[in-house]
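1. Let's see this in three dimensions:
(chains A, B and C)
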Amino acid sequence: MLRYIVRRLALGLVVLWGTTMVTFFVARVVPSDPAARWVGPRATVEEIARARQELGLDKPLYVQYIRYMSDLLHGNWGTSFVTHQPVLKDIATYLPASLELVISGIILAIIIGVPLGVISATHKGGLIDHLSRTFSIGAVSLPTFWMAMILQLIFFGHLHLLPVGGRLDMSIQLAYPVRRITGSYVLDSLLEGNWTVFGNSLLHLVLPAVTLAAYPLGLITRMTRSSMLEVLNEDYIRVARAYGVSERRITYWYALKNAIGPTVTVVALTFAYSLAGTFLIEAVFNWPGLGQYAANAVISGDYPAIMGVTILVAALYVVLNLAVDIVHALVDPRIKTG
Amino acid sequence: MQIRNLKVAFRTYGGRVQALDLHRLDVRPGEILGLVGETGSGKSMTALSILRLLDRKAEVQSGEIIFQGEDLLKKTEVEMRTIRGRRITMVFQDPMSSLNPVFPVGEPLVRIIAAHEKVSFRAARQRAIDMLALVRLPSPEKVLSAYPHELSGGMRQRVMIAMALSSNPDLLLADEPTTALDVTIQAQILRLIEELRAHINASIVFITHNLGVVARIADRVAVMYAGDVVEIGSTADIFRNPGHPYTALLLQAIPRLGQKRGTLPVIEGTVPVVTHPQPGCYFYPRCPVRIERCRVERPEAKDLGDGHWVACWKQDGRLPPDNSEGNGEV
Amino acid sequence: MSVMDISSGQRRARLAALRYDLYLLRKNVLSMAGLVVVVLLVLAAAVAPVLAPYPADAGTQVHMSQQLLPPSWAHLFGTDEMGRDIFSRVLYGARISLGIGVFTIGLALLIGVPLGLVAGYAGGVVDEVIMRVTDVFLSFPPLLLATAVSAMLGPSLVNAMIAIAIAWWPWYTRLIRGQAVSLRERGFVEAARATGVSHLTIVFRHILPNAVAPVIVQASMDFGSVILEAASLSFLGLGAQPPEPEWGLMVSLGRNFFLTDWWYVTFPGLAILITVLGFNLLGDGLREILDPKTREV
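-> The predicted model follows:
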């Protein structure tokens, strides 16, 4: 088992190293002149030249890469052009809000998607199956930024039920300062027992979380359905039927445990996808998270920030992949780990 | 148990296929009935019909399956669940795929025993261990917590047999329980069944295409062809005095000691796929002794005495003398 | 039986299989719905100039007197802040979206297919290197990589399409490599090699035609996702630029008015949804039919 983990870890490191190569090239080679961007549009030629020297852009490419790597490893991810803060510090500031959003969205997607996929599989070809498939394909076809606006239009514009954006009402934010523990307002207020903030932050979370849930929900439903269909055709399921085991126990116990593997993978991968995709949702809901930070960086050409976020998400993706493989090996006794 | 006029059809792209058109099949209390026939003759289909486990595309059109005075085809799904795995159990062909790979062997076994016997999990666990010991599995407690992939094929089939016997059923359907195993393991499993006969009160329907196996353990034999039983009788009668030309051909296909090599006869052709039921005998196209009547009229089963029934117009089943030899499998 | 007989028999069998595929597709209500959407979309794109009531509104036309009118018979989808007819713009947008799909997937194929062929045919170190590179690219969520690349390239529709293709090609490389690996050992390839045919000829004459079918199918299924990604980039301001009637851009511009003038964002967004849904439904049906595990007999 340990050997397996070590080997997967080593492979993961190779891929991670590759991602730094890609981000380096995208960041340092593609843009026309990073130094010009660094000093701004009204800089003189001398200023640009000085900046070039400061940024090490006059050195050969491999020297630049080595310096870039050593900076990365020492926790120096560059300084944002916009906030003039270290990128890593910015990320620490903005990440919790995004995590709050992504985690609640994915939990929502799992709670609805897994049972929906299962029911769809057990009623294959029936009305429920058709509805759930249309629903799941529809969910992955939705432009999230548009869905976000339509939800705002309905629940804020017409029904006046939910806030249009942000994480808290301004008045509440000023009246009830919440100590930052996890960075999630919902959790922190719960830990502090501050019900006003808790209720208000939860209301603010509803629409963004629902919007974010759409895509993972579609994938989870689909994956659960197809792997359940496969498992329900297995001999051991027929054996269980032949021994009078109830359909419910067969479906939710004997079949689901076999079928859940691919769904776990999808959940892990969509987690990283969603973290990368939040900028569309955060932009519309004015949610001060990593996505909005990245979106601003994109608009203002703040490439240290863009690269920081990109590497973070890619690294997260690699780590999650690794975690999923290890979880599979732990859950499924058949996987050879030697 | 009696089956009467059971008709089962499959819906397919090409249209409806008549899978079973079974006029009559009785299983007597406590006997082992060998059910033989080629692939596609409807043996497994018969077993699955009894348990009402046919898949969605199959449809029971008519007939009755009387088990202990009640028609199983009229039972609700909930009622069937109290019969399945308790009064009627089944051992499947492939022990490799019959056990759930992500659960220890004991999980379903203990749970099924607890549900059927209405006892605590601890009592069920003890019973499961006893059953595993009964089927001669070494260190049954270890087997109980082992995962299927840690057991050999023979061990897994023993587990399945233990599961089938755990509820002390009235009818045990064994669908080619030895086919997927290699020859020495086959022999061990057959020996196990022979040894266990004293402990089993159940009638056993032993489905196989291997006549050697049937000769060894069955009290009676039913021969199926194209969805119907064409001959049934005591094992001795069937083997010594086959009444149907198909049975006779099957018997000739068993290799015997001292026989010349290389001259195994085969039965020309294959079991027909019945899309449009026809009036005549389904074996007509392959039959060496057919007469004109066989083409136009389907033979009804006639009693030759001693419960030996044959569905053939000629009934003596004697073949022209040039047919001999075979390979034992159909 | 002569060789001719075999091949004509095979052809007949293939035709029968194809007919059966079509039968399954027809039976699948959802994918038929998808097919209808896709066909309608192509038609709409083709005849947009004829169908659009105000063809000039697809460009920079301004009608100051008709700003932000709600939907009516004159303007089915209402008008935008320049007084342009949104219905006409949505129709012209179909051309852009289809064009995005064709160009982006074409580019991704152009990068991915040769690399996959080389990896699968050459094997060894070459294969290893190419496949690790695809691993690296696949470890970026596609939208993120596309966003980063297009941010670096600068905002324009062409750059956005290039960026998406850069994030997309590894999928095709993987797919075609798998095909090439299995074809490499087949008789006709070995025969060609034995008679001294050059590697280039073998790869393009013998392997490519036999390996390309699943890639084509996959590529046609990817249309929906690619169009959606391009719309997302345009929404961020990284893709199409005004006054192009690109749907994502229209939703983005309409954002300033959406709480008061609901139609502005609603209809272009709906156009994205229906288009992507159409391609995805069709693709889902195809997948189901072509996958032996889910294929019904």
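
2. list the buried ones in the strand or helix carrying residue A:309?
-> Under the criterion DSSP states H and E, the helix or strand holding residue A:309 is helix A:303-331. Counting neighbours by 16 or more other CB atoms under 10 Å in any protein chain shown, one finds that the buried residues in helix A:303-331 are A:303-318, A:320-322, A:324-326, A:329. Heads up, the C-betas are built off the backbone N, CA and C, glycines and all.

3. what's around the closest residue to chain A within the stretch 51-200 of chain C, how many residues?
-> Chain A sits closest to residue C:136 of the stretch 51-200 of chain C, with a gap of 3.2 Å, by CB to the nearest CB. Residues within reach of residue C:136, counting by other CB atoms under 10 Å in any protein chain shown, total 21.

4. and it, what element?
-> Residue C:136 belongs to helix C:124-138, assigned by DSSP H and E.

5. Which elements pack onto that helix?
-> Packed against helix C:124-138, as judged by 3 or more CB pairs under 8 Å, 6 or more residues apart in numbering or on different chains; DSSP states H and E, are the following elements: helix A:2-24, helix C:86-122, helix C:157-184.

6. outside of whatever helix or strand comes next after that helix, which residues touch it?
-> Of the helices and strands lying after helix C:124-138 in sequence (DSSP H and E), the nearest is helix C:142-153. By CB atoms under 8 Å, 6 or more residues apart in numbering or on different chains, the residues outside helix C:142-153 that reach it are A:22-23, A:26-27, A:30-31, A:273, A:276-277, A:279, A:294, A:297-298, A:301, A:303, A:306-307, A:309-310, A:313-314, C:137, C:159-160, C:162-164, C:166-168, C:229, C:232-233, C:236, C:238-239.

7. which residues does the residue in the stretch 51-200 of chain B positioned nearest to chain C contact?
-> Nearest residue of the stretch 51-200 of chain B to chain C (CB to the nearest CB) works out as residue B:57 at 9.2 Å. Residues near residue B:57 by CB under 8 Å, 6+ apart: B:10-12.

8. ditto for residue A:129
-> A:120-121, A:123, A:225.

9. Swap in 6 Å and give it another go.
-> A:120, A:123 (CB atoms under 6 Å, 6 or more residues apart in numbering or on different chains).

10. next one: residue B:179
-> Counted by CB under 6 Å, 6+ apart, residue B:179 has contacts residue B:93.

11. so which strand or helix has it?
-> Applying DSSP H and E, one finds residue B:179 in no helix or strand.

12. repeat for residue A:162
-> Assigned by DSSP H and E, residue A:162 belongs to no helix or strand.

13. which residues of the stretch 151-297 of chain C score low on pLDDT?
-> Low-confidence segments of the stretch 151-297 of chain C (pLDDT under 70): C:291-297.

14. I should have written chain A there, sorry.
-> For chain A, the ranges with pLDDT under 70 are A:1, A:27-43, A:55, A:333-338.

15. Run through the residues of it sitting next to chain B.
-> Residues of chain A that fall close to chain B, judged by CB under 6 Å from any CB of the partner chain: A:235-236, A:239, A:241-244, A:254, A:257-258, A:333-334.

16. Show me which of the residues you listed is closest to residue A:185.
-> residue A:257 (36.0 Å; CB to CB).

17. Please look at that closest one and residue B:102 and confirm they touch.
-> Yes: in terms of CB atoms under 6 Å, residue A:257 counts as a neighbour of residue B:102; the distance is 5.1 Å.

18. Neighbour count for these two, which is higher?
-> The neighbour comparison of residue A:257 against residue B:102 (other CB under 10 Å) goes to residue B:102, with 20 against 16.

19. ok, that one - contacts?
-> Taking CB under 6 Å, 6+ apart, one finds A:257-258 in contact with residue B:102.

20. residue in chain A nearest to chain B?
-> Residue of chain A nearest chain B, by CB to the nearest CB: residue A:243 (3.1 Å).

21. Spatially nearest residue to that residue, not counting backbone neighbours?
-> Nearest non-adjacent residue to residue A:243, counting by CB to CB, 6 or more residues apart in numbering or on different chains: residue B:85, 3.1 Å away.

22. residue in the stretch 151-300 of chain A nearest to chain C?
-> Closest point on the stretch 151-300 of chain A to chain C, by CB to the nearest CB, is residue A:276, at 3.7 Å.

23. State the helix or strand in which that residue lies.
-> helix A:256-285.

24. And what about the residue most central in space within chain B, helix, strand or coil?
-> Closest residue to the average C-alpha location of chain B: residue B:207 at 2.1 Å, with CA atoms, centre = their mean. Under DSSP: H, G, I helix; E, B strand; the rest coil, residue B:207 falls in the strand class.

25. And it, how far from residue C:149?
-> 63 Å (CB to CB, to the nearest Å).

26. Wasn't residue B:5 part of a strand?
-> Yes: judged by three-state DSSP, residue B:5 forms part of a strand.

27. just to revisit the earlier point, just to check, the residue nearest to the centre of chain B is in contact with residue B:175?
-> Yes: Residue B:207 lies in contact with residue B:175 (CB under 6 Å); the separation is 4.8 Å.

28. Find me the pLDDT at residue C:66, would you?
-> In this prediction, residue C:66 carries a pLDDT score of 82.

29. What is the neighbour count of it?
-> Neighbours of residue C:66 (other CB under 10 Å): 18.

30. The nearest residue to residue A:112 once chain neighbours are set aside: what secondary structure?
-> With CB to CB, 6+ apart as the measure, residue A:217 is the residue that lies nearest to residue A:112, at 5.9 Å, once sequence neighbours are left out. Put simply, residue A:217 is helix when judged by three-state DSSP.

31. Could you count how many residues lie near residue A:217?
-> Residue A:217 has 27 nearby residues by other CB under 10 Å.

32. now do the one 4 residues further on
-> Using other CB under 10 Å, residue A:221 has 29 other residues around it.

33. likewise residue A:296?
-> As a burial measure, residue A:296 scores 17 neighbours (other CB under 10 Å).

34. Now name the helix or strand holding it.
-> Applying DSSP H and E, one finds residue A:296 within helix A:290-300.

35. wait, does that helix contact chain C?
-> Yes: interface with chain C: helix A:290-300 contributes residue A:298 (CB under 6 Å from any CB).

36. what comes up buried for that helix?
-> Buried, per 16+ other CB under 10 Å, within helix A:290-300: A:290-298.

37. where does chain B have low pLDDT?
-> Counting by pLDDT under 70, chain B shows low-confidence ranges at B:14, B:255-266, B:268, B:275-277, B:315-330.

38. Show me what from it comes close to chain A.
-> Within chain B, the residues that sit near chain A (CB under 6 Å from any CB) are B:51, B:53, B:81, B:84-85, B:90, B:97-102, B:112, B:147, B:149.

39. likewise the stretch 51-200 of chain C?
-> Going by CB under 6 Å from any CB, the residues of the stretch 51-200 of chain C near chain A are C:135-136, C:139-141, C:143-144, C:148-149, C:151-152.

40. Of the residues of chain B next to chain A, keep whichever come out buried.
-> B:51, B:53, B:81, B:84-85, B:90, B:97-102, B:112, B:147.

41. Which ones among these lie within strands?
-> residue B:90 (DSSP state E).

42. No further queries at this time; thank you.
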